[in-house]
Structures are given as structure tokens and as C-alpha cells.
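Chemist: how would this look folded up:
(4 chains)
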Number of protein chains: 4
Amino acid sequence: MSGSTFGNILRITTFGESRGPAIGAVLDGIESGFQIDTVAIQQLLDRRKSSDDVFSTPRKESDRFEIVSGVFEGKTTGSPICIMIRNMDAEKSSENDELRYFARDGHADLPYHIRYANCDYRGGGRSSGRETAARTAAGAIALQILKSKGVDISCKVSSVGGVRGSEDSKDDMQTWTSLVQMYRSRGETAGGQVTCTASGIPAGIGEPVFDKLDAVISHAVMSIPAVKGIEFGSGFGCEFKCGSENDKAPSSGGVLGGLSDGTSLVFNAAIKPVPTTDCEMSGTDVRTMMRKTVKLHQRHDWCICFRICPVIEAMTAISILDLWYQRYGR
Amino acid sequence: MSGSTFGNILRITTFGESRGPAIGAVLDGIESGFQIDTVAIQQLLDRRKSSDDVFSTPRKESDRFEIVSGVFEGKTTGSPICIMIRNMDAEKSSENDELRYFARDGHADLPYHIRYANCDYRGGGRSSGRETAARTAAGAIALQILKSKGVDISCKVSSVGGVRGSEDSKDDMQTWTSLVQMYRSRGETAGGQVTCTASGIPAGIGEPVFDKLDAVISHAVMSIPAVKGIEFGSGFGCEFKCGSENDKAPSSGGVLGGLSDGTSLVFNAAIKPVPTTDCEMSGTDVRTMMRKTVKLHQRHDWCICFRICPVIEAMTAISILDLWYQRYGR
Amino acid sequence: MSGSTFGNILRITTFGESRGPAIGAVLDGIESGFQIDTVAIQQLLDRRKSSDDVFSTPRKESDRFEIVSGVFEGKTTGSPICIMIRNMDAEKSSENDELRYFARDGHADLPYHIRYANCDYRGGGRSSGRETAARTAAGAIALQILKSKGVDISCKVSSVGGVRGSEDSKDDMQTWTSLVQMYRSRGETAGGQVTCTASGIPAGIGEPVFDKLDAVISHAVMSIPAVKGIEFGSGFGCEFKCGSENDKAPSSGGVLGGLSDGTSLVFNAAIKPVPTTDCEMSGTDVRTMMRKTVKLHQRHDWCICFRICPVIEAMTAISILDLWYQRYGR
Amino acid sequence: MSGSTFGNILRITTFGESRGPAIGAVLDGIESGFQIDTVAIQQLLDRRKSSDDVFSTPRKESDRFEIVSGVFEGKTTGSPICIMIRNMDAEKSSENDELRYFARDGHADLPYHIRYANCDYRGGGRSSGRETAARTAAGAIALQILKSKGVDISCKVSSVGGVRGSEDSKDDMQTWTSLVQMYRSRGETAGGQVTCTASGIPAGIGEPVFDKLDAVISHAVMSIPAVKGIEFGSGFGCEFKCGSENDKAPSSGGVLGGLSDGTSLVFNAAIKPVPTTDCEMSGTDVRTMMRKTVKLHQRHDWCICFRICPVIEAMTAISILDLWYQRYGR
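Modeler: All right, here's what the predicted structure looks like:
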């Protein structure tokens, strides 16, 4: 793997496995003298944490972070900021023994086994959603800095299991809770969609032709586990409009020719149902490469649309801030 | 702009403006000793060229390319391959005089003006679709090399103006031609969707966690002008499946945990209607920043779904080959 | 700062300040399944550590490292390896109070103050030699992997204070000890030269034209604090040879046209005297920008030529292994 | 080869072989609206060109360049600038037939053959000094832009064949001409040293810890063919000074802790004698891998110290401007 670093002059590097001692991120390229709001970092991490609602895994991580470097007397020094989060609730290996040689369909198990010879059978390793806690902590800093520059980024669930949200978010929550409850009763997990909005970006951010604002954000967001699609503005719906209709805001999603156009950036992301279910699961025994079907007893989420929102905000912020620095310096 | 280079150890750099003397690409990192098929390069370029069908612009470029470097006696030398294409049919500047200070809605005009102070009013410049000819020529080489390794990449139109393709592609063509004819009669342009398939990729290609196969391809494809969305496998439809159903092939689209999973890679891209139409167009006078509406007389495409397919094949090939080299060397 | 990451498909990222809680490195892109020798890591760190000899600072750091990620059951997993070292013997801030507003000549103090507005007055921060412990730990892994491929890297002191080494290294040590003793008695520090040799590199490693083997190693080695020059093979002495004489091995230093030539790679590096001395030191009061002269009471090394050798081995190994992976994959 | 691109947000990519149709460079990331001085580009190229003096090769290239893109009505547009130079005086292949299977000692022939299977026997290919014309043309633009910001870069020969320059440059020229005349009479070539000075750089340019100003320049300069060493400020002579003496300007060479310190940047580079001579040359027959000795009849330079100066200015300018943009934006 050489892909654990993202960005050009603002760079995030993450490390750590789901079942190892810790995960973390190094955020390099941040301006100096910025007053860090550690409460806001924790709040973003808390939004990503599993809770006691119907959607979340029973695995509980407190996600208490330590800022190891780059901040002194509360302010950024301009040095790389390393944030570390100790893993607390790693399952005993016995729990995962059944997984040791079983590569689950719909998971990264088999490709990872082929590529890395199954060097880590502790469940997910780097491909686990747990890695995203590190991104979230680092992204929380990018979010704060952007906020101080007038940019607000917010990601919300817009659909669960095919049921789109309405005007009233309280109603939505009730509907989606019932829906996922129903899925759970069958041992099943649900997917959905989220919508991310970034307001306050001045026109002209992005680097033609390959590092367009939307291309870089797509790279960042599609690298988040479970994201299977992304669309800006009218996106996949644009073909239902003719040219002159589609020229009107907000079809562009805030980006034209790869540069921010001064309107709000808006994109949707498709979130797949968590592949781990309570149903019988098919897969491959990596010792024999024979197919088999088993019923596992793993802790897992039931719908990660809510938990993924802060991760998308984090990665969007890192992408925008990198392009911002490329434009305006630091 | 610093974004004209893409890739890690296989890198493409493009240069040239729509109305300048030439466009071109430098492809660096190709293995040595590979016999180049120049006919196949021209064929891919020809698929991208405007033709006399109902969909294309009347601007005609022969797109004859010159290989300036990196190939000797028909074989790659391992040196960077520079391919250049002279622009032939650049409009006389008079044609574009009306555009000089008019930033069209739905186009890159205004953001480019703000960022680069309108240094080039010759229509599109770098943001023009013309730049994609350079990518296509370079990508044609990546496609050939991948083919020799057993990987076949093919992109096809799957929908135009909201009308999805059927089993019979001859029927589709007739339907879509009539549809776009109708759009044209109103001065309007149409969007659509394309589907790209890459077969023969061995499992394990991709670099966790940020340079996942799907994330890198998303970056590459979203950087193509007019692409507004991308989805892998079941994509935005995945929320209509429960977890155990979505675990089955081909929901993954050929990628799990960011690595190729040994099945065919499949993704869709959303193509927006060409923003230049024959209707009245709204925009901004960049001298006064006043809004105004004008009727332009520009040559433009009516639906670029067909012409964009070879570009998507090209960028997909470059992305995959870069990750291939990262895995296996050269 | 955005320069805390180095490398292309093998990448090192370091973090941490001299007086912060910890320093560390993330090494990303390592092959999977390699058995890590933690004793060898500690040995390399121990060579870098201050000792009780005449050359070293009284600041004592045990440099005990923790592997936070990327290694499981003793083997690399292919995931990024994070190694962390806690700072133990950070000076009490009182010790450095005299430094708070005094930018010492010959140090990074003033440029850092201008760039980062003196956000960290704790002495050196990122520019401190302490950062090199992190590189050394990460490089120790690259050294092991290269050794398993037949490449041996060794760096030795070749000159101290202008006194070149002889055939007999025991004699040299005695001479240099006396010499530095003499410098110390005057409160002064000494520089020197080191010679690094890498044997066993197959011909053809390096990437023309900018990522030549010698250019990449120069980047890596010149980034080490206190290194002021580098030369390969006959280096600065090459002008004393005519062309046909200089064509003979080992004038090339093991690299021709930027590629390894199959002979041993050999380069020298110039190491400046530690800028902190016990003499009166000139500098600038950053509040008033007035010049002043003070006598500080700081702990410092007297000659870092010996301590820098493992750091140079580490950076050389990381450079070579990156180019190796680019050539042969992983 | 994947190393044909250099830089971070200002990037140069070169292409072309010594005996191919053309060479060129793409410079991406330049600010928009800068008035290009094409005469100054030609002047820098002319300084690099062979002349009729005693030092140069009889191969004559007019080095007339074409700006293919990125400049409109005399000003930069912010798009990548492609500059192309057609090769005029490529030797007939017959001239080089004797070289086809003969890998000359001291040249890149053998490593290139091993790496790229001798795909191009036309003499030098990418490793030829001819490639540097492309860098020079691109660097000429970076030099102009830096000049407009108050930074002046100048590189001069300081030593030839071990004879150092004096106060009077007219005398030096006479001495060095006689010296090289003497070398020529024996069929031999001479090396030397050059000194590059950059004045006007504000303090604080450079990116700790790996992209230090001196580390990046070392990478850039060491990538120029024939450069075998680089040293900043007191460099290899620093060991003859004690610490407090070395703390005084200009020992630093204008860089402290990897950041510009506000004084002039000064570095020396070691230039090796051209490896092609008129003497008997040893080498390897790549068909049989047998050693042999032949007398070739190739055109070559006798001392490239003068011609290399503009190349070093060019690469230094590109390095500084990239770090400038990282600091201040564009």
C-alpha cells in the first residue's frame, strides 16, 4: 500500500488498523497560529461514533484523541499535526477466529488476502471503517480553519433504504428508524444517500485540468469505505434536463470547469448497505479457495449513513483547504 | 493551474488550448519495448472526433497526431511519450468577439475569468472539451498495453436524454438520433449516461486507503469536462438492496475495499447536456458584472455521450495501468 | 509546512517536535509479510543516540519506540507502519526562557520566526536534530528489507575538524576524540565529513530524468539538519581528473546517467559544526529585531558526525527502496 | 521512467531524445497575466548552446523554440506552457553505428541498456545533455517571474580543471581557454566547478522537513547530467571552521533549517569532465557483455562548465518559484 497519503500541499496520512493498538492521522501543511478547538474535534468524532440508536454497532469506542504534535499552547505551529486514538474495544481474537480463513463476499477480505497474503486476520485491518475516525479527527481541524475563512460544510442523510427524506427531519428520523428496525429483524442492513453542502467558497478554487475541485473531492469521498457513487449538482438527473435548463443554478453543484463558481457546492454520495449481516454469509475458504456459507456472530452496524456524514465533511474540508492553499498560499 | 499532471508512477501531463496552435500530452512511466499500434491510436481519436451525425459539432478537426518522443522504430523506449495534435479549425477570433466579455452561465467562463483574469478569451481555452483529445491519444497507448496484459476496457452509451438503452443497440441508436433531432429543432442539447467495463483485471490492484482503485478512477473520470457523477456497481441503486443481497456480484462493480476483486470493473458516469445551446443564453458581462441575455452563434455539440466514451476509456486505462505498475513494477 | 512527507510509492512522513510529547514516523508502501527485526531498529536508534563520549550532548533520550501499526505477529502487513518515540528528557521551559525571544545566528530560529510567527519557542521544534530519530526508526525497516534483497548500506565518519581518517579506525577515534576535547575546552563545536557506501544494488535503479538515483538521495540527505553538501564518487575532486581518467570506476560513485551502474554507490556528505556553542552567541531579539550577544547555557552536541551516520543510512535506504519498488513492484 | 516531472505546485515535465525529432518541456502552475520576454528565453538558450569557442562540441543546434501553449497575446494564461525545440543537427545514424552495441564506460549506456533493453541506440537518448535545453527554456520563464519579484539568480564558472578563478574574470577566461586547449591536444576533456547565487529571496521560503530549500535545489541540480556534487555556503569547507565561526554569514549559504534566511543563497556544484573523449575508450559489447576498447569519432564538448550555468540557473529558479508559490499562492 502506498496510498495512505492524500493531498498536495495540505496532506493527510493515516495509519492504524481496526484491531491494532491505535489509529491516527498526520495532517501536514496547516497554517500556523490557528487556535484549535478541541471540543469541536471531539464533537465531530462523537457524531461518527456508534451510539445506542438502532443504526449502530454495539462495538463501543470512546474515541478519545491525543494531539501528539503540531499544536502548542492551543495553537497550530505550522508543523504536522499528529492525532492519535487508542483502540479500546478491539474484539478478543477468539471472536474472530471463525474469520481467520473465511473471506466474506462483499468485503475486502479476498482481495486483501490475495494482495497481502492475509497478514492480518483481525477483521478488516486497514479497510475497516474504523480508519475513518482518524480522517475525521484531522478533517475536524480543516473544517475549523475553513469556517474561519467563511466556508461552512454540512453533510446530512437524504435517503435510507430507498426512502427519501422530507421537509421535516423529525418525521424522517422516525421513518428511517422504523425501516432499519424492520431490516434488523431480518438480520439485514440498509444503505442510503447523503448530501453534502459547502457554502462560502469564493469562485475560482480548483486546479485545471486534473485537479478540478469536483475531481479532487470525488477522489477523497470515494476513498471512504462504503461510498459507491458521487454526483454534483443535478448529477445523474442532468440527463432529464435540456442544455439551457441545466445551465441554471444550482445544476452545476457549485463547480464549473472544475473551479468553484461562487454558489454553494452540493454533492450526493451513495452509501452501500453494510456488508456484514446476521444472515447466512457466503464466502471463500482461503486455504482451499472453496466456496462456503456460514452464519457469523460479528458485531456490526445496521446503517452507516448517519455515522458517515462527519467523515464526508472531513474529507471535503481537507480537499477544499488543500486547493485553497494552492490558490492563496499560507 | 498546477493540475495538468495526473498519476503517480505513470503520469499524464496535458497542454494546449482549444484555440491555440496545438494540444498534446506527455505520458511518462511507460514500460520500454512495447510495440505501439498507431492505427489504434488514430481509431480512438476518430471515435472522439466530431462526425456528420446528428450529435456532433460542425467544427471539424482531423486530429492527426505526431509522436514527438519516446517511441523509436515503433517501440516504446521507456522515455516520456509526447503526442501532439495541431489545431486546424480554430475559429477566427471575430467569431468569438461576442464572447470576449460575456461569461456564459453553465460554462467555466466566469470562474476562469475570476481566477485567471480572462487572459484567454478564445473560447474555452483549457476547460474546453478539446483538451480531451490529448488525453485520448495518450490513453490509447495505456489501453494497448493493458490489452497485452489481458485487460479490456470498453465504454458505451447507456442512456440519452433519460431514455435508457435496450438489448438491441441498433434500435437504441435510432431512438436516440430521433430524440436529439427533436432537441436540436428547439436549439437544445441533451445529456445522458455511459457505462464503462474493464475485464481481466487481476484481484488486488489498488492502493489503500486513499488511492483505492475506484477513488483513483473517480478522480480521473470526474476530471473530464461534462461528467457530473460516477457510480460503481449497484452505485446509487444500492440503497434499494439489503446487505446480503448487495454482497452478491456484480453489486461491487469489481472493487472491494478499494482493490480489484477479480470480477469485471463496471461503472456509470453521468454526462451533462452541452451548456452551449442555440437558445438565448444568460450570462455576465465581465466588464460591468451586469447580467445579460444574448443569442450566440457558436458551433457546438448536441450530445457528447458518444464522443466522451473513448475519453473515459483512456482515463480509466491510465488509472489502472498506474496502479498496475505500482503493484508489479515495470 | 507541507514538506513532512518524502517519497513516491514508498513514503515517509514524520511528525513531532523536539520538546513536544513525542516524535514519530509513518512509513507507507512497505511490502507485506516481511519479518521485522525490532532489535535492529533499536540498534540503529542507539547509534543515533547521545552517549557518554566526548562528542554528545548531555540530553539523554532512551529512544524507546512503539510500533503503533502496520506490523502484526512480527510481520509487516502492507499497511503504513507508524513508529512513535516519546520524548523523555525535554528541558523544563525555564531552561529555554532565555531563548524565547532570542533568535540565534546560525540556527533556524529567525527564518522560523518569520515564517511561523514563533509559535513554538521550545527550542528547535521541527528543525531540531531530534526529528531525525523518527526517520532513523523508519529507515531501519527499509535497511532490513534492502538487506534481505542483498543491499548493504553503511555510513562512516571520514573526517572531523579537517582531520581525515586513516587506515586504522582505532587511531582515528583517538585523534578525533582529542581534537573535539580541545574544541570543547574552548566551548567550541566541530564539523566533519561522512562517507556512505551501498553495495549490492543491481544496475538500472533510478528514474530518469529528475528522479535519478543520485538526485533523490541528494534530496533525502540534504534534508537532514547540519548536512551542507553531498558529492558522489570523485565529486568535487572530479575536476582534477581528465575525462578518460574519470570514466574509470569508482569515479562514478555507482551511478551513471542517474541509474545505478552495478558498482557500489559511494557518496560523501559535509556536516557542519553544531551551531550551538558555549561561546558568546550573536543573534536577534525578535521583539525589537535588534541584534544582541548573549552567553547561553544550553545542552548541545560537540560533534554530530557520529550520530548522523545512522540517519544518513536510514534516508539512503528509504530513497533506494522507493526507486526499487518503482522498478520491480512490491 | 517516471521521473520526467519535477515540482509540487509548479511542475516541469520534459520530453524528447537527443536524436529524436524534438525536445520540449511543459511548465505547469505558472501565475496568469505575466508578460513573457521571449528574447530573454532565447538568450538563456543561447548561453547553453555550443559556440565556436574551445570548450564546445561542433554539433550545432539553433535551439529555436516554439511556445505551443499557455501564452496568449504575450502573456501567460495560467495554463501549462509547452515549449518545443526541434532537433536539427541529429547525427546520421551511420555516425553512431559504431555505438549501437558498445556501452561506453563513464556513460549511461550500460545501465540504460540493462533497464530499457537498449531500445534507443541513437546516442544518449534521454540521458544526453541535450535534454537540458528543454529545462533551460522552461526555467527562463521562472527566472523572469522571480526577477519581477526581486529575485536575481546568476551562475558562474568558478574553477576549471582544478584552476580556480581569480578576481579578474578576463584573465580567468584566458587561463581556462589555454588549459582546455591543452586538454584537447591530448584528446581529453576537463571538469570544474560553478557557483550559483540567488539574491532577493525573502526569509522563510522552503518547506520543512523534507522539502527544505536546499534539499529541493539539491534534487533539481543533481538531476542535471554531469553534476556530481553540491554544497551550500561553507559546504565541504565547514569542517575547517569551529561552530561559532561557522554561525556567521555567509557560511549558511542563505539557508538555515531549510528556510531561506534573508541573505543571498549561494551554492557550488561539481561538474565532471565530459566522459566522451578522443582517447581510446573502454566499454562493454552489450551483445556479448565482453569488455573492449575502441577509438570513437564522436562530436563532443571539451568542458561543459560554461554551458551548464544557464541550466543550473533554470533549475534553481523552478525550485525557488515552486516553494514561493507554496508559501504565497498564485
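
Chemist: confidence score at the residue in chain A that chain D sits nearest to?
Modeler: Ranked by CB to the nearest CB, the top residue of chain A for proximity to chain D is residue A:329, at 3.2 Å. Glycine gets a C-beta too; all of them are placed from N, C-alpha and C. The pLDDT attached to residue A:329 in the predicted structure is 93.

Chemist: One more: residue A:167?
Modeler: At residue A:167 the predicted local confidence, pLDDT, stands at 84.

Chemist: can you pull the buried residues of the helix ranked longest in chain A?
Modeler: Ranked by residue count under DSSP state H, the longest helix found in chain A is helix A:305-328. Across helix A:305-328, burial judged by 16 or more other CB atoms under 10 Å in any protein chain shown covers A:305-327.

Chemist: which of the residues you listed are close to chain C?
Modeler: Near chain C, taking CB under 8 Å from any CB of the partner chain as the test, the members of the buried residues of helix A:305-328 found are residue A:325.

Chemist: quick check: angle from the longest helix of chain A to helix D:305-328?
Modeler: 130 degrees (axes from the mean of the first three to the mean of the last three CA atoms, to 10 degrees).

Chemist: how about the CA coordinates for helix A:305-328, as CSV?
Modeler: What follows is the C-alpha trace of helix A:305-328 in CSV, where atoms were taken according to Å, rounded to 0.1, in the frame of the first residue of the first chain:
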residue,chain,number,x,y,z
CYS,A,305,-25.5,6.7,6.6
PHE,A,306,-25.5,8.8,9.8
ARG,A,307,-22.0,7.9,11.0
ILE,A,308,-20.5,8.5,7.6
CYS,A,309,-21.7,12.2,7.4
PRO,A,310,-18.9,13.6,9.6
VAL,A,311,-16.3,11.6,7.6
ILE,A,312,-17.5,13.1,4.4
GLU,A,313,-17.4,16.6,5.9
ALA,A,314,-13.9,15.9,7.0
MET,A,315,-12.6,14.7,3.6
THR,A,316,-14.4,17.5,1.8
ALA,A,317,-12.8,20.1,4.1
ILE,A,318,-9.3,18.6,3.5
SER,A,319,-9.8,18.7,-0.2
ILE,A,320,-11.1,22.3,-0.3
LEU,A,321,-8.4,23.6,2.1
ASP,A,322,-5.6,22.0,0.0
LEU,A,323,-6.9,23.7,-3.1
TRP,A,324,-7.4,26.9,-1.2
TYR,A,325,-3.8,26.9,-0.1
GLN,A,326,-2.6,26.2,-3.6
ARG,A,327,-4.5,29.3,-4.7
TYR,A,328,-3.8,31.7,-1.8
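
Chemist: by contact count, what packs against that helix?
Modeler: Applying 3 or more CB pairs under 8 Å, 6 or more residues apart in numbering or on different chains; DSSP states H and E, one finds that helix A:305-328 makes contact with helix A:38-48, helix A:131-148, strand A:152-160, strand A:192-199, helix A:213-222, strand A:265-271.

Chemist: Confirm that residue A:237 lies within a helix, as I assumed.
Modeler: Yes - secondary structure assignment (DSSP: H, G, I helix; E, B strand; the rest coil) places residue A:237 inside a helix.

Chemist: And the closest residue to residue A:232 other than its chain neighbours, how far from residue A:165?
Modeler: Here the nearest residue to residue A:232 in space, its sequence neighbours aside, is residue A:253; by CB to CB, 6 or more residues apart in numbering or on different chains that works out to 3.3 Å. With distances taken as CB to CB, to the nearest Å, residue A:253 is found 18 Å from residue A:165.

Chemist: Which positions in the stretch 1-150 of chain A make contact with chain B?
Modeler: Taking CB under 8 Å from any CB as the test, the list of the stretch 1-150 of chain A residues beside chain B reads A:1-6, A:8, A:12, A:14, A:104-108, A:110-112, A:114-115, A:126-127, A:131.

Chemist: if we look at chain C, which of those are close to it?
Modeler: Among these, the ones lying near chain C by CB under 8 Å from any CB are A:1, A:2, A:3, A:4, A:5, A:8, A:14, A:115, A:126.

Chemist: the bottom helix or strand of chain A by mean pLDDT?
Modeler: Using mean pLDDT, DSSP states H and E, helix A:93-97 stands out as the lowest-scoring helix or strand of chain A, at a mean of 56.

Chemist: how near is the residue in the stretch 201-330 of chain A positioned nearest to chain B to residue B:109?
Modeler: Nearest to chain B in the stretch 201-330 of chain A, going by CB to the nearest CB, is residue A:257, at a distance of 2.2 Å. Applying CB to CB, one obtains 8 Å for the distance of residue A:257 from residue B:109.
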